[in-house]
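A.B. asks: any chance you can model this:
(one chain, ligands or ions: 1)
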Amino acid sequence: MTRPAGSSKGSPAPEGERTYLLGGNWKANGTLASVRALIAEFNAAGPIPANAEVVIGAPFIHIPECLSTLRSDIEIAAQNCSLTGMGAYTGETCASQLRDMGVTWVILGHSERREGFGMAGEDSELVAKKTKLAIDEGLKVMFCIGEKKEERENGTTMDVCASQMKPLADILSKEDWAKVSIAYEPVWAIGTGLTATPEMAQDTHSSIRQWVSDNVGADVAAAVRIQYGGSMNGANAAGLLAMADIDGGLIGGSSLKMDFFTCINSVP
Ligand code: 13P
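C.D. replies: Sure thing, here's the model as predicted:
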């Protein structure tokens, strides 16, 4: 089966400006039937702004369906990959296998995986190692960071974000950073309907960019995209995306419906 082509509107980001990155994170949602219905809606949704790149993070089992039927101007991400290459690692899926299938992105370090939902969670060292491995295998990475409610309240938001980024800065080469987008997802805003205000999000995004400038390089900081995630939807996307350091979104609940296209069409 060939993927339908999709179509674009408007102009690409001018030279030197960042292309918006809109990621949908379907998490562990959907049946084959619901995924097929959503893909049909997305395929019929009209043009995507030329200054936006769109990626869907599908559950592993739904990736083949996306790869064969979702419009080809939406790239496909996995929501995790293993810390190993191919081999005797029961239950794992490795970056080279994803690449082999035609997957181009992977979401790593999501707060739900860091937390572990009852199993051992992933720490920042592990997430950094997975990111390096994924990049070495040819994938691009949405690297998730973000503080919890009590950390926001006690004023340690940037300490938390810095501690999550430090192992990554230690392990990546400057060239590797071209394959990374930072997804800032305040944990208190995920799935709660509590979105950071555009000003609050901009403030943190700007601090994250400054941290990258100080710890990796000004050129990397100017180029790296920083997505906002946490209850982004069609009603609040335009306000968030209008901010200078907000280069896109990582969208959970709203990416499971046509509201995702309202977010996509909200890029300035
Ligand atoms: P919600 O958009 O459902 O809050 O989820 C955000 C998220 O976790 C994306 O990775």
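A.B. asks: residues in contact with the closest residue to the ligand within the chain?
C.D. replies: For the chain, the nearest residue to the ligand under the criterion C-beta to the nearest ligand atom is G252, separated by 2.3 Å. (C-beta placed from N, C-alpha, C; glycine too.) For G252, the contact set (C-beta atoms under 8 Å, 6 or more residues apart in numbering) comprises 24-25, 27, 190-191, 229.
A.B. asks: again, only this time at 7 Å
C.D. replies: Residues touching G252, when contacts are defined by C-beta atoms under 7 Å, 6 or more residues apart in numbering, comprise 25, 27, 190-191.
A.B. asks: which of those residues come close to the ligand?
C.D. replies: Of the residues in the contacts of G252, proximity to the ligand by C-beta under 6 Å from any ligand atom holds for 25, 190-191.
A.B. asks: any weak-confidence spans in the stretch 151-268 of the chain?
C.D. replies: Counting by pLDDT under 70, the stretch 151-268 of the chain contains no low-confidence range.
A.B. asks: how close does the residue of the chain closest to the ligand get to K27?
C.D. replies: With distances taken as C-beta to C-beta, to the nearest Å, G252 is found 6 Å from K27.
A.B. asks: with A120 instead?
C.D. replies: Looking at A120 against K27, where the rule is C-beta to C-beta, the gap reads 19 Å.
A.B. asks: just I171 next, same as before
C.D. replies: Counting by C-beta to C-beta - I171 and K27 are separated by 27 Å.
A.B. asks: looking at these two, which is more packed in?
C.D. replies: The neighbour comparison of I171 against K27 (other C-beta atoms under 10 Å) goes to K27, with 18 against 15.
A.B. asks: what strand or helix carries that one?
C.D. replies: For K27, there is no enclosing helix or strand under DSSP states H and E.
A.B. asks: and A183, by the same measure?
C.D. replies: For A183, the enclosing helix or strand under DSSP H and E is strand 180-184.
A.B. asks: helices or strands up against that strand?
C.D. replies: With contacts defined as 3 or more C-beta pairs under 7 Å, 6 or more residues apart in numbering; DSSP states H and E, the secondary structure elements packing on strand 180-184 are strand 140-145, helix 198-215, strand 225-229.
A.B. asks: partner strands of it, parallel or antiparallel?
C.D. replies: The sheet places strand 180-184 alongside strand 140-145 (parallel), strand 225-229 (parallel), with pairing taken from DSSP bridges.
A.B. asks: dump the ones you listed to JSON lines, plus mean neighbour count.
C.D. replies: Putting those into JSON lines (neighbours: other C-beta atoms under 10 Å) gives the following:
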{"stretch": "strand 140-145", "mean neighbour count": "26"}
{"stretch": "strand 225-229", "mean neighbour count": "25"}
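A.B. asks: dump the ones you listed into TSV; add distance to A238 as well.
C.D. replies: Compiled in TSV, the strands paired with strand 180-184 are given as follows (distance: least, C-beta to C-beta, whole Å):
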stretch	distance to A238
strand 140-145	21
strand 225-229	12
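A.B. asks: right, and those strands - which one's nearest T204?
C.D. replies: Of all these, strand 225-229 sits nearest to T204, with 8.8 Å by C-beta to C-beta.
A.B. asks: surely S231 and A196 touch.
C.D. replies: No. Between S231 and A196 no contact is recorded; they are 8.7 Å apart, counting by C-beta atoms under 7 Å.
A.B. asks: any common contacting residues for those two?
C.D. replies: With contacts defined as C-beta under 7 Å, 6+ apart, the residues shared by S231 and A196 are A189.
A.B. asks: more neighbours, these two?
C.D. replies: It is A196, of S231 and A196, that has more neighbours when counted by other C-beta under 10 Å, with 26 against 21.
A.B. asks: got phi/psi on A77?
C.D. replies: Main-chain torsions, A77, degrees, to the nearest 10: phi -120, psi 150.
A.B. asks: burial check on G230, number of neighbours?
C.D. replies: By other C-beta under 10 Å, 26 other residues sit near G230.
A.B. asks: identify the residues contacting it.
C.D. replies: Here G230 is in contact with 185-186, 189-190, 195-196 (criterion: C-beta under 7 Å, 6+ apart).
A.B. asks: where does the spatially most distant residue from the centre of the chain land on pLDDT?
C.D. replies: Distance from the C-alpha centroid of the chain peaks at A88, with 28.8 Å (C-alpha atoms, centre = their mean). pLDDT for A88: 98.
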